[in-house]
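1. Coordinates only, no sequence provided:
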RNA sequence: GCUCCCAUCGACUAGUGGUUAGGUCAUCACUCUUUCACAGUGAAGACACGGGUUCGAGUCCCGUUGGGAGCGCCA
């Protein structure tokens, strides 16, 4: 029987959640759920200097927002607690001690100055790699004990034997091998008593019975060190799967300098969590059919590691925008209403009072032309306020000597119109165009500009119907006052 | 510099020895239309290069070039 699949997402609490990390979390989640396995959230807080207050809460909140649920981890517990590495120091020390006893690791008392000097010297001699010179490996047992008792600052290093070829299999990339000569005697326990990532993640992955290590490709070069550790402990290797990187437009690793990388940024820009998830799922993975829009359930259903491919993927915001718009178009009116009300609270219209009916009508006619919920009042600002300005180029384009007359006529008819309905407006348009012998568009275009301040948007009659007769008339007046003498 | 990884339209990708190299976003055109969108139809657009292997190579092998990542008492 196949053992239960267990994977982990192991971020360090150093600030916001990077979109690349979110994808790693997502792939782990999808893989776990697809295989009825478990997802462990483990906090890798072994760097005291980089720790950021509130980062753990932020990670958890972000996962919640996108709907990634972990099975074991902080605030949730599990059979392999604790899930904060800072609370597992004893464990790492025991394991480090074990390696020392087996001569797979050793104490090192070298000072930072000496280490720097070695490095500089090696660089000066143009050595291909700079490595620790293993000086402390030749210390006698007595010397080591004396130093330890005297409290000399020290670290514990892995004793890498040169001349070996280290091989391991990556699920996505196949066999990878590297010569051990290139690998430094990695520090396992730092002088502050905390483990390095390398030791901590190997020990925890083993103890937490992690079966598949799914992580970013940036870890590939340090995997041989981890393999060495598994061997030193005599443990069976887990399955490694190194995900292709998420890239900037210029193909460098996705970074802050070239746009937003924090999940929060996308949230505040108005991207829907489902749309974001849908989008990043498709980066580096393909579902083997031609569908583009997937619910999280469908993603779980279709996700396999075989569908992950090798090369990095550029994070293309254009496609994300399309997906977001797709999701919005699929929403029911009332769902959008709730979202709109939420966003309105933080907008400049927060003090205004709009009826559900009014907002619902806006939603209905604006829905096909929005990418974000806030487009409802940003692109459709004319439903919420008078146009502040009219683009002069547009005015110039549509204005002709008859414009004043046409608009005035339309306005006057509006004033005496008995019932303000679409049919009547339509009639009026037809009548005026017939009487003045002009095309309907010659009324519509200036009307649209006067009422909305733009030449884009839903049908002008729908707009007029929504904002009402009074406002329409006053907007026409305002427009005429401004331009009738300018041409 | 060294090590490792990677290489199909502008972008995301399908393709596992025989395809008119397919789809999606973006772009362009047309249709619909009072404008803008939506929708529909269509167009343009790619196998980095060079050698092999093979009857046959985007697909396998080698090399070149290009790109990326990593080389910390950071993760």
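-> Looks like it came in fine. Small disclaimer: the values here were computed from a predicted structure and weren't measured.
2. So what's the gap between the host helix or strand of residue A:167 and the chain middle?
-> According to DSSP states H and E, residue A:167 maps onto strand A:165-170. Taking Cα atoms, centre = their mean, to the nearest Å, the mean C-alpha location of strand A:165-170 is offset from the chain mean by 32 Å.
3. what helices or strands is it leaning on?
-> strand A:174-179, helix A:223-233, strand A:239-243 (3 or more Cβ pairs under 8 Å, 6 or more residues apart in numbering; DSSP states H and E). Just so you know, the C-beta spots here come from the backbone N, C-alpha and C atoms, and that holds for glycine as well.
4. what about residue A:7, which SS state?
-> Residue A:7 carries the three-state label strand when classified by DSSP: H, G, I helix; E, B strand; the rest coil.
5. what sits against residue A:25?
-> Taking Cβ atoms under 8 Å, 6 or more residues apart in numbering, we find residue A:25 in contact with A:9, A:11, A:63, A:68.
6. touching RNA strand B at all, the one helix or strand it maps to?
-> Element membership for residue A:25 (DSSP H and E) is helix A:19-34. No: Helix A:19-34 lies out of reach of RNA strand B by Cβ under 7 Å from any atom of the strand, never closer than 9.1 Å.
7. what residues does the helix or strand following that helix touch?
-> Downstream of helix A:19-34, the first helix or strand assigned by DSSP H and E is strand A:38-41. Here strand A:38-41 makes contact (Cβ under 8 Å, 6+ apart) with A:4-10, A:28-29, A:32-33, A:59-60, A:63, A:68-74, A:76, A:78, A:80, A:83, A:208, A:210.
8. got it, and stretch A:477-485?
-> Contacts of stretch A:477-485 (Cβ under 8 Å, 6+ apart): A:386, A:390, A:395, A:399, A:404, A:407-408, A:411, A:446, A:449-450.
9. Any residue of the lowest-mean-pLDDT helix or strand in chain A touching RNA strand B?
-> Across the helices and strands of chain A, mean confidence by mean pLDDT, DSSP states H and E is lowest for helix A:392-398: a mean of 84. No: counting by Cβ under 7 Å from any atom of the strand, RNA strand B is not contacted by helix A:392-398; separation bottoms out at 9.4 Å.
10. quick one: the residue of chain A most remote from its centre and RNA strand B, what's the gap?
-> Distance from the C-alpha centroid of chain A peaks at residue A:435, with 58.4 Å (Cα atoms, centre = their mean). Between residue A:435 and RNA strand B the computed distance is 18 Å (Cβ to the nearest atom of the strand, to the nearest Å).
11. Next: residue A:245.
-> 5 Å.
12. Count the residues that sit near the residue nearest to that residue when sequence neighbours are not counted.
-> Leaving aside its chain neighbours, residue A:245 sits nearest to residue A:312 (4.3 Å; criterion: Cβ to Cβ, 6 or more residues apart in numbering). Neighbours of residue A:312 under the rule other Cβ atoms under 10 Å: 19.
13. Please apply the same query to residue A:225.
-> 23.
14. Correct me if wrong: it contacts residue A:157.
-> No: Residue A:225 lies out of contact with residue A:157 (Cβ atoms under 8 Å); the separation is 11.3 Å.
15. tell me, what's touching those two both at once?
-> Joint contacts of residue A:225 and residue A:157 (Cβ under 8 Å, 6+ apart) are residue A:186.
16. Need the three-state assignment for residue A:172.
-> If you use three-state DSSP, then residue A:172 falls in the coil class.
17. so what pLDDT did it get?
-> Here the pLDDT value assigned to residue A:172 is 97.
18. now do residue A:1
-> Note on residue A:1: pLDDT of 44.
19. so where is chain A shaky, pLDDT-wise?
-> The model of chain A has pLDDT under 70 over residues A:1-2, A:487.
20. What residue spans form the domains of it?
-> With domains defined by automatic domain parsing, chain A comprises A:6-74+A:246-314, A:88-243, A:332-376, A:392-483.
21. What's the end-to-end length of the third one?
-> It refers to domain A:332-376. Domain A:332-376 has an end-to-end distance of 15 Å (Cα to Cα, to the nearest Å).
22. So is it next to RNA strand B?
-> Yes: interface with RNA strand B: domain A:332-376 contributes A:368-369 (Cβ under 7 Å from any atom of the strand).
23. what's the spacing between that domain and its chain's center?
-> Here domain A:332-376 is found 25 Å from its chain centre; the criterion is Cα atoms, centre = their mean.
24. And stretch A:186-195, by the same measure?
-> Offset of stretch A:186-195 from its chain centre (Cα atoms, centre = their mean): 32 Å.
25. Over to that stretch now: how far is its first residue from its last?
-> Stretch A:186-195: ends 11 Å apart by Cα to Cα.
26. What residues of that stretch count as buried?
-> Using 16 or more other Cβ atoms under 10 Å as the test for burial, stretch A:186-195 gives A:186-190, A:194-195.
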